[in-house]
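Undergrad: Got a sequence here, can you model it:
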Amino acid sequence: MRPPLTSYQSRIESELARVRESGHHRTLRVIDSPQGPIVKTHDGDKINFCSNDYLGLANHPRLRSAAIDAMDRYGLGSGASQLVSGRSGAHVSLEEKLCEFTGRDRAILFSTGYQANLSIATVLSLGRNGEIVEDRLNHASLIDGAKLSGSRLRRYRHKDVSSLEEMLSQSKHKQMLVLTDTVFSMDGDIAPLKEIAAISARHAALFCVDDAHALGVLGEGGRGALEEFKLSQTDVPVMVGTFGKALGCFGAFAAGTDPIIEFLVQKARPFIYTTALPATICAAVEAALGLLREEAWRREQLFDRINYLRTCARDVCLPLGDSRTPIQPLIVGSAANACALSEGLYSDGIFVAAIRPPTVPLGTSRLRITLSSSHSREHIDRLIAALLRQRKFWQR
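TA: Okay, the predicted model is just below:
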């Protein structure tokens, strides 16, 4: 006999109790305002240091106006997947702008970055005939995609090119796919992209990057890590970028050679079986790309804030991780300490979420402090002062 439904409920409740006891239970906080350096919560206004709105575009009037204009023309919902009836002129226009922006032959839009990475891993690895080799600290979507692909998965030591080279040298597969984040989402450090590109080429492996946290931030024109490291489409034949971080919107894209993108269109299940992004989002993203070109001061101000925070941190011996990006991790060790520190800051008017396993390895729970060009130096001063009042949770 099958067990009664109540037994499944009991197992779920037991697992939830275990999660709570481990200090890994998560809660949902409600924001009652647009994203910005200060957000409204049910507990009052808080200075927000945990958003990925790196350039302060999420509530920009030009993006809002573009979305409203597109809504007047196309309506709200896209109605179907792009392969059915969900593809509009706004989708085509944005893809063309993304090709210009990234210097790639062709681009295709996805509803989320997670879906884009699932597509890359499951399609380009060629299933059981392939092998995926990726950084151990890659985003969960790249790891999950590799597991779903049916390919052999190997994970090299974080940013360790000798470990990568050894794995590729040992591989007996004809099709090898190398995957890495450019900027790692929990540590803010940057992959050694030039070396990885050279090693991938040497072993005839297809190299793909997820540029989610670098796009709009790194590079002379904000075109991401590939621009910063001067890597062409020949070096990196396919890349993923997202719209929900520096561009202040939602969704994602893959860009690369025409055959690779066409293969994704034909084979990527997350693309084929998902309702297309609304045209309103496409129009807003295109407006954000325009602002990137016109307002270089946003990136300059962002890096000023990053340098200011790191200088202040050194002055008070605050042990931030080694990062020159908007992601500034403060590793405190235990989940209990991370939660206590986050709650203490929240009570002091500072919103920084605690990051715990399984998002990060056991024993490396942290505050993931993120900066925006919209933050003022006064906001950072208040963060430092609040952290000093909670020093018992991070001082070593």
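Undergrad: Where do the strands of the chain begin and end?
TA: 38-41, 44-48, 106-110, 130-135, 152-156, 175-181, 206-210, 238-242, 252-256, 327-333, 350-351, 354-355, 365-370 (DSSP state E).
Undergrad: so who does the closest residue to Ser111 other than its chain neighbours touch?
TA: Counting by Cβ to Cβ, 6 or more residues apart in numbering, Thr274 is the residue found nearest to Ser111 once chain neighbours are left out, at 5.1 Å. (C-beta placed from N, C-alpha, C; glycine too.) When the contact criterion is Cβ atoms under 8 Å, 6 or more residues apart in numbering, the partners of Thr274 are Ser81, Phe110, Ser111, Gln115.
Undergrad: Just the buried ones among these, please.
TA: Ser81, Phe110, Ser111, Gln115 (16 or more other Cβ atoms under 10 Å).
Undergrad: Against Met239, how distant is Ala225?
TA: For Ala225, the distance to Met239 (Cβ to Cβ, to the nearest Å) stands at 9 Å.
Undergrad: again but with Pro326, I slipped
TA: Between Pro326 and Met239 the computed distance is 20 Å (Cβ to Cβ).
Undergrad: Over to Leu387?
TA: 36 Å.
Undergrad: ditto for Pro259
TA: For Pro259, the distance to Met239 equals 15 Å [Cβ to Cβ].
Undergrad: The two - which one has more neighbours?
TA: Looking at Pro259 and Met239 with other Cβ atoms under 10 Å, you find the greater number of neighbours at Met239, namely 26 against 11.
Undergrad: How many residues are close by Arg314?
TA: As a burial measure, Arg314 scores 11 neighbours (other Cβ under 10 Å).
Undergrad: please begin residue numbering at 34 from this point
TA: Let's use 34 as the start, then, which means that last one is Arg347.
Undergrad: Can you give me every residue that contacts it?
TA: Contact criterion Cβ under 8 Å, 6+ apart gives no residues in contact with Arg347.
Undergrad: tell me the centre residue of the protein?
TA: Centroid-nearest residue in the chain, with Cα atoms, centre = their mean: Ala245, separated by 4.4 Å.
Undergrad: which residues of the stretch 184-333 of the chain fall in helices?
TA: Assigned by DSSP state H, counting those that start in this stretch, the helices in the stretch 184-333 of the chain fall at 194-203, 226-235, 258-261, 291-300, 302-305, 312-327, 330-348.
Undergrad: Let's have the ones you listed in CSV, adding distance to Leu395.
TA: Converted to CSV, the helices of the stretch 184-333 of the chain look like this (distance: least, Cβ to Cβ, whole Å):
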stretch, distance to Leu395
helix 194-203, 21
helix 226-235, 27
helix 258-261, 29
helix 291-300, 35
helix 302-305, 30
helix 312-327, 37
helix 330-348, 25
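Undergrad: just so I know, which of those helices lies nearest Gly178?
TA: Nearest to Gly178 among the helices of the stretch 184-333 of the chain is helix 302-305 (9.1 Å), distances taken as Cβ to Cβ.
Undergrad: Could you list the residues in contact with that closest one?
TA: Counting by Cβ under 8 Å, 6+ apart, the neighbours of helix 302-305 from elsewhere in the structure are 114-116, 141, 143-144, 148-149, 151-152, 155, 297-298.
Undergrad: Which of the strands of the chain sits closest to Ala321?
TA: strand 271-275 (11.7 Å).
Undergrad: residues of the closest one that come out buried?
TA: Buried residues in strand 271-275, counted by 16+ other Cβ under 10 Å: Val271, Met272, Val273, Gly274, Thr275.
Undergrad: circling back to that earlier point, among the buried ones among the contacts of Thr307, which lie within helices?
TA: Among the buried ones among the contacts of Thr307, the members found in helices (DSSP state H) are Gln148.
Undergrad: If we only consider the buried ones among the contacts of Thr307, which is nearest to Asp193?
TA: Ranking those by separation from Asp193, with Cβ to Cβ as the measure, puts Gln148 on top at 28.8 Å.
Undergrad: how deep is the nearest residue in space to the closest one that is not next to it in sequence tucked in, by neighbour count?
TA: Residue nearest to Gln148 in three dimensions, not counting chain neighbours: Pro303, with 3.6 Å by Cβ to Cβ, 6+ apart. Around Pro303 sit 20 other residues, with neighbours defined as other Cβ under 10 Å.
Undergrad: Sounds good, over and out.
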